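Peer 1: All I have is the shape, not the residue letters:
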């Protein structure tokens, strides 16, 4: 069972998130996190028994952020087709302009399928795909899974180009691409074979 959140725990996780997002998980040692969080080694290890536990908490935080974004999208009250566009807009508003998707980066840094960080990242991808497929199934698209996969491909591109183009530029392009894809996919479902 996860320990209850404390101010120290959140401060350490904030510091780790900042460093992991900027430099990657493997490039950041525990001492650097201690220095950034301005805490002692004992406190860090009281809150997180290992670096693996800290990395897993970091990934879970990323997942909670995704769920909040999805909930905001669903609460918008617009038709499902527009919810898909809104989801990508919200993601685009929050894409870091440095290293790309923190989950995907961590997934690549831990290729061993048995590693907790790899598994947490893999689980996140499965949940995200399932949720986007569910949202796409509410549209009139003939193949909601294909629509969801195309949208996720655009989202991945949005994250991966963050260090090359401006985040604002990327977000605008991604939103328009999703509008186009949704229009094509939902229009195709109305065509007579």
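Peer 2: Structure received. Keep in mind it's a predicted model, so treat the numbers as computed, not measured.

Peer 1: Could you look up the SS state of residue 117?
Peer 2: Using DSSP: H, G, I helix; E, B strand; the rest coil, the three-state assignment for residue 117 comes out as helix.

Peer 1: Hmm, residue 25 and it touching each other?
Peer 2: Yes. Proximity of residue 117 to residue 25 meets the contact threshold set by CB atoms under 8 Å, at 6.9 Å. Where C-beta positions appear, they are placed from N, C-alpha and C, glycine not excepted.

Peer 1: For the two, list the residues in contact with both.
Peer 2: When contacts are counted by CB atoms under 8 Å, 6 or more residues apart in numbering, residue 117 and residue 25 have 55, 106, 109, 110 as shared neighbours.

Peer 1: how far out from the middle of the chain is whichever strand or helix holds the first one?
Peer 2: In this structure, residue 55 is located in helix 51-74 according to DSSP states H and E. The gap between where helix 51-74 is centred and where its chain is centred comes out at 7 Å by CA atoms, centre = their mean, to the nearest Å.

Peer 1: buried stuff in it?
Peer 2: Of the residues in helix 51-74, those buried by neighbour count under the rule 16 or more other CB atoms under 10 Å are 51, 54-59, 61-63, 66, 69-70, 73-74.

Peer 1: which secondary structure elements does it contact?
Peer 2: Secondary structure elements in contact with helix 51-74, counted by 3 or more CB pairs under 8 Å, 6 or more residues apart in numbering; DSSP states H and E, are helix 7-23, helix 30-37, helix 80-93, helix 102-109, helix 116-137.

Peer 1: wait, which of those helices is closest to residue 175?
Peer 2: Closest approach to residue 175 among the helices and strands packed on helix 51-74 (CB to CB): helix 80-93, 5.0 Å.

Peer 1: Distance from the chain centre to the closest one, please.
Peer 2: Counting by CA atoms, centre = their mean, helix 80-93 is centred 14 Å from the centre of its parent chain.

Peer 1: Going by contacts, tell me the helices and strands next to it.
Peer 2: Where contact means 3+ CB pairs under 8 Å, 6+ apart, helix 80-93 is packed against helix 51-74, helix 116-137, helix 144-160, helix 167-188.

Peer 1: Counting neighbours, which bits of that helix end up buried?
Peer 2: Neighbour-count burial for helix 80-93, counted by 16+ other CB under 10 Å, picks out 80-92.

Peer 1: could I get those as a markdown table with pLDDT?
Peer 2: Formatted as a markdown table, the entries for the buried residues of helix 80-93 read as follows, by pLDDT from 0 to 100:
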| residue | pLDDT |
| --- | --- |
| 80 | 94 |
| 81 | 95 |
| 82 | 95 |
| 83 | 94 |
| 84 | 95 |
| 85 | 95 |
| 86 | 91 |
| 87 | 91 |
| 88 | 92 |
| 89 | 90 |
| 90 | 86 |
| 91 | 86 |
| 92 | 86 |
